[in-house]
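> Generate coordinates for the sequence data below:
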Amino acid sequence: MMTRTEALQILAGIVTDQPVICGHTAREWNALTKRPLNLWSGAMGMVSSMALGVALQRPDRQVWAFDGDGALLMNLGSLVTITQTNPPNLVHFVFDNRVYQASGEQPVPGAEFVDFAALARAAGFRHVYSFEDAGDLRAKLREILLRRELTFIVIRHTKGEGAWGDRDPYRVEPTVEKVYRFKRALEER
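A predicted model of the protein is given here:
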């Protein structure tokens, strides 16, 4: 099984002008990419809703949502709202390691049986993919992202990464500055 860092490195190697709305992955993603089009949701469970809003506002750009497994469980209803509006420019990634990584690796409720790909299909997503292997993700991701279709991608990865604590490089800059920078970058082009 791949690590979350491996998955994010693959994504960092192909990102161009996509706005990326992040949950807990924001710390690592920002360290890898340092782009004004990165936005940390700041509210657990709201990545999918925020990304939907950005996708509807900017239909000319592909929008990536980097959600966590526990965070998505807090807002499962957003999946139905997303499929009902069906923005072809939204790609919803779920990083699934079966624990709440940020708060000490407590198990996510239902971790032993929750199937996020099945939940996405049941909510109406037609294009759903799951990856556990970095090589498989690297080989297939570009082709998937070239399609202009609402897409849901589960990335299963190992636990044990991302507990930054006081060393969190993403929290050095005030959140307000990050939001203004994202807004200005989103308005360009």
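
> SS state for the nearest residue to E132 once chain neighbours are set aside?
Once flanking residues are discounted, E132 sits nearest to R156: 4.3 Å by Cβ to Cβ, 6 or more residues apart in numbering. Using the backbone N, CA and C atoms, a C-beta is placed for each residue, glycine as well. For R156, the assignment made with DSSP: H, G, I helix; E, B strand; the rest coil gives strand.

> same thing with A117?
Applying three-state DSSP: A117 is helix.

> neighbours around it, how many?
As a burial measure, A117 scores 17 neighbours (other Cβ atoms under 10 Å).

> what does F182 give?
For F182, using other Cβ under 10 Å, the count is 20.

> what phi and what psi does the backbone show at it?
Note on F182: its backbone torsions stand at phi -60, psi -50 [degrees, to the nearest 10].

> can you pull out the helices in the chain?
For the chain, applying DSSP state H gives helices covering 4-12, 26-33, 47-57, 69-73, 77-85, 116-123, 134-146, 175-187.

> follow-up on the earlier one: please tell me how far the residue nearest to E132 sits from G135.
14 Å (Cβ to Cβ, to the nearest Å).

> Could you pull up the residues touching the residue lying closest to A51 once chain neighbours are set aside?
Leaving aside its sequence neighbours, A51 sits nearest to A65 (Cβ to Cβ, 6+ apart; 3.4 Å). Residues near A65 by Cβ atoms under 8 Å, 6 or more residues apart in numbering: 20-21, 47-48, 50-52, 90-93.
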